[in-house]
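In: I'd like to go over a predicted model; first the sequence, then the structure.
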Amino acid sequence: MVGDTQTAALIGDDGSIDWMCAPRFDSAACFSALLGDENHGRWLIAPAAGGRAVRRRYRDHTLVLETEFETPEGSVRIIDFMPIRDKTVDVIRIVEGLDGQVPMQMHLTIRFDYGQTIPWVRDIGDALVAVAGPDALVLRTPVETRGAGHSTVAEFTVHRGQRVPFFLAWYPSHEEIPRGVNATWALTRTESWWHKWSKKWTYNGDWPEAVQRSTITLKALTYAPTGGIVAAPTTSLPEWIGSVRNWDYRFCWLRDATFTLLALIHAGYEDEASAWRQWLLRAAAGEPTDLQIMYGPAGERRLTEWEVPWLPGYEGSKPVRVGNAASEQFQLDVYGEVADALYQSRRGAIAENDVNAWDLGVALMEFLEDAWKRPDEGIWEVRGPRQHFTHSKVMAWVAFDRAVRMVEDYGEEGDEPTASHWRALRDEVHSEVCAKAYDADRKTFVQSYGSSNLDAALLMMPLVGFLPATDERMQGTVEAIQRDLTIDGFVRRYTTETSVDGLPPGEGVFLPCTFWLVDNLALMGRTDEARSLFERLIGLVNDVGLLAEEYDPAAKRQLGNFPQAFTHVALVNSACNLSRVTGPAHHRGRA
């Protein structure tokens, strides 16, 4: 992935950009080969003989990608990056000869609107311009290009020490064609920007390379104008190959709020944490009854879901979806996440006394007084019947608990009667969960009231302070999850064969949940076991350090949208928990 903190492009190890949306993460894609084939849009630059890269890496502390190929004629490097946004969406690719003389090829197939729209392409001066409706792309390069069908191609040879630049920019079609830039100057400027940003990093613990790559990835997934952080830059990468579990993740989830906030604070990025908090306050503004679980990068509420019939899906995994109907669900846990984020930001000194935040918190608590008793769709956004999910009730407890702690730590004398009321509600929720969600015979908490199913979300209970990890009920729950919900030591969310989510069975193990298991083991004092599992997890990263949401232990491949912010946040937090006496799990809990 390369990005400009407003959108991103995904590049395969064959030298092809197979996915890019412009001008935002959630805009329509102009390259959609990732969910179809080359006819749905891609931009390939590679040796004429084809083949896969022998090495890929990011330049230190940056999002500048280097891809190296070796051929019988010599070796070549492609440097890919997106300059931090000025006005247009720029992608620059520099082909650098390392040895010998390597014949190269370029294939540019532009298909706006998720692979559907073929643009009008013409030469204007030294530029190749493609226009369709509101979208336009301009290509500039010293290499001679020609049309081939509905694509633009080129053949050229790169010699040792030679650099051949390609500059592609998206811009609104009604505006003037943007001028080109010097590729070397743009590369230096982009590297300098990332180096300056990376110097803010204050993490001082084990696994620094994995942690820094994760924080850079989180920055890349930030929509800079608002501070919102999208879950992933992709849609419809399947959670199981050939399944219908294909969702659009190019939005900002409230449930990620506190995890992300603490990850940024512990990595030293208080400005980003503050911007994320401000995004949260704006997105959550309004009636508590209207609170959504996710919003667009700028806080948009309408995320209508529809299917893209002309795209066959990743490895045939249909349907391809745009938008996310889960945005219309009722999920109790987001109220706890918002309340906790407000409390943790105050505790983490990134926010002073904020009347607006306090008023929002009070409004949420007033709504939750009765709402916590309702069934909901739960953390996993099930598309089956609503249930009394245990994790949802736990997060309702978190909401009341953080409201109480806000008064206890930062309130005024006149706030105590309100805090006393919230304290009683907190205790009521706690008692109900322990009475209705704990199976004493099996010595484990269960997924929902009256259910016999397990759920990896139960691992959150110690991480938010509901119960200590050393409590025998939590120890029994962890043992049950390790016994019944793991594959090769990695944690599944729940058993999909139960049809609890209203979908056909089958999905990979869930990487964030496995990091939560790491945190639980650490809090239990099983440090060696926790560290061993953590190292297995970071061993799953791809060749440039990126992780998706899920993993198939049998096929040994990542699954789901990619790269996944939730997973990289969990990686940072677990590394902090294992490296420090008081990591994020201690901040959210009572340890």
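Out: Thanks, I have the structure now. Numbering: from 1, shown residues only.

In: Burial check on L218, number of neighbours?
Out: Residues near L218, counting by other C-beta atoms under 10 Å, number 22. From N, CA and C alone the C-beta is placed, and that goes for glycine too.

In: Let me fix that, I meant to ask about D488.
Out: 10.

In: Please name the nearest non-neighbouring residue to it.
Out: P553 (4.3 Å; C-beta to C-beta, 6 or more residues apart in numbering).

In: Equivalent analysis for G384, please.
Out: Nearest to G384 is G502, by C-beta to C-beta, 6+ apart, at 3.2 Å.

In: what's the answer for L521, then?
Out: Using C-beta to C-beta, 6+ apart, the closest residue to L521 is A530 (3.8 Å).

In: backbone phi and psi for that neighbour, please?
Out: phi -60, psi -40 (degrees, to the nearest 10).

In: try A154
Out: Torsion angles, degrees, to the nearest 10, at A154: phi -160, psi 150.

In: just to revisit the earlier point, so who does the residue nearest to L521 touch?
Out: V518, D519, L521, A522, L578 (C-beta atoms under 8 Å, 6 or more residues apart in numbering).

In: could I get those as TSV with pLDDT?
Out: Formatted as TSV, the contacts of A530 follow (pLDDT from 0 to 100):
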residue	pLDDT
V518	98
D519	96
L521	97
A522	95
L578	94
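
In: Identify, from these, the entry nearest to A154.
Out: When the contacts of A530 are compared for distance to A154 (C-beta to C-beta), V518 wins out at 48.3 Å.

In: Remind me what the host helix or strand of that closest one packs against, helices and strands.
Out: Using DSSP states H and E, V518 falls within helix 511-523. If you count contacts as 3 or more C-beta pairs under 8 Å, 6 or more residues apart in numbering; DSSP states H and E, helix 511-523 packs onto helix 460-463, helix 472-484, strand 490-491, helix 527-538, helix 565-579, helix 584-588.

In: Near V478, how many other residues are there?
Out: There are 22 residues near V478, going by other C-beta under 10 Å.

In: Give the rounded mean pLDDT of stretch 242-256.
Out: For stretch 242-256, mean pLDDT is 93.

In: can you map out the helices along the stretch 51-200 of the chain?
Out: 112-115, 183-198 (DSSP state H, counting those that start in this stretch).

In: so how far is the shortest one off the chain centroid?
Out: Spelled out, that is helix 112-115. Counting by C-alpha atoms, centre = their mean, to the nearest Å, helix 112-115 is centred 23 Å from the centre of its parent chain.

In: one step back: pull the CA atoms of the helix holding V518 into PDB?
Out: Extracted C-alpha coordinates of helix 511-523, given in PDB (Å, rounded to 0.1, in the frame of the first residue of the first chain):
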ATOM      1  CA  LEU A 511      -6.300 -11.600  14.300                       C
ATOM      2  CA  PRO A 512      -7.500  -8.700  16.600                       C
ATOM      3  CA  CYS A 513      -9.100 -11.300  18.900                       C
ATOM      4  CA  THR A 514      -5.900 -13.300  19.000                       C
ATOM      5  CA  PHE A 515      -4.100 -10.100  20.100                       C
ATOM      6  CA  TRP A 516      -6.800  -9.800  22.800                       C
ATOM      7  CA  LEU A 517      -5.800 -13.400  23.900                       C
ATOM      8  CA  VAL A 518      -2.200 -12.200  24.100                       C
ATOM      9  CA  ASP A 519      -3.400  -9.400  26.400                       C
ATOM     10  CA  ASN A 520      -5.300 -11.700  28.600                       C
ATOM     11  CA  LEU A 521      -2.400 -14.100  29.000                       C
ATOM     12  CA  ALA A 522      -0.200 -11.200  29.900                       C
ATOM     13  CA  LEU A 523      -2.600  -9.900  32.500                       C
END
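
In: Which two of the contacts of A530 have the greatest separation?
Out: L521 and L578 (9.5 Å).

In: Show me which of these two is the more surrounded one.
Out: Shown here are L521 and L578; by other C-beta under 10 Å, L521 has more neighbours (25 against 21).

In: Do I have it right that G296 meets F251?
Out: Yes: with contacts counted by C-beta atoms under 8 Å, G296 reaches F251, the gap being 5.9 Å.

In: Which residues are in contact with each of the two?
Out: Both G296 and F251 are contacted by D26, L303, under the criterion C-beta under 8 Å, 6+ apart.

In: Mind checking which of those two has more residues around it?
Out: Using other C-beta under 10 Å, the more surrounded residue of G296 and F251 is F251, with 25 against 22.

In: was I right about that one contacting V230?
Out: Yes: at 6.2 Å, F251 and V230 qualify as touching, with contact defined as C-beta under 8 Å.

In: Need the overlap of contacts for these two.
Out: Residues touching both F251 and V230 (C-beta under 8 Å, 6+ apart) are D26, P297.

In: Paired strands for the longest strand anywhere in the chain, with orientation please.
Out: Longest strand of the chain, by residue count under DSSP state E: strand 89-109. Applying DSSP bridges to the sheet, strand 89-109 is found paired with strand 42-47 (antiparallel), strand 74-81 (antiparallel), strand 151-159 (antiparallel), strand 163-172 (antiparallel).

In: separation between the residue lying closest to M106 once chain neighbours are set aside and Q162?
Out: Spatial nearest neighbour of M106, chain neighbours left out: A154 (4.2 Å); criterion: C-beta to C-beta, 6+ apart. Using C-beta to C-beta, to the nearest Å, we find A154 at a distance of 15 Å from Q162.

In: In terms of neighbours, single out the busier of these two.
Out: A154 (19 against 15).
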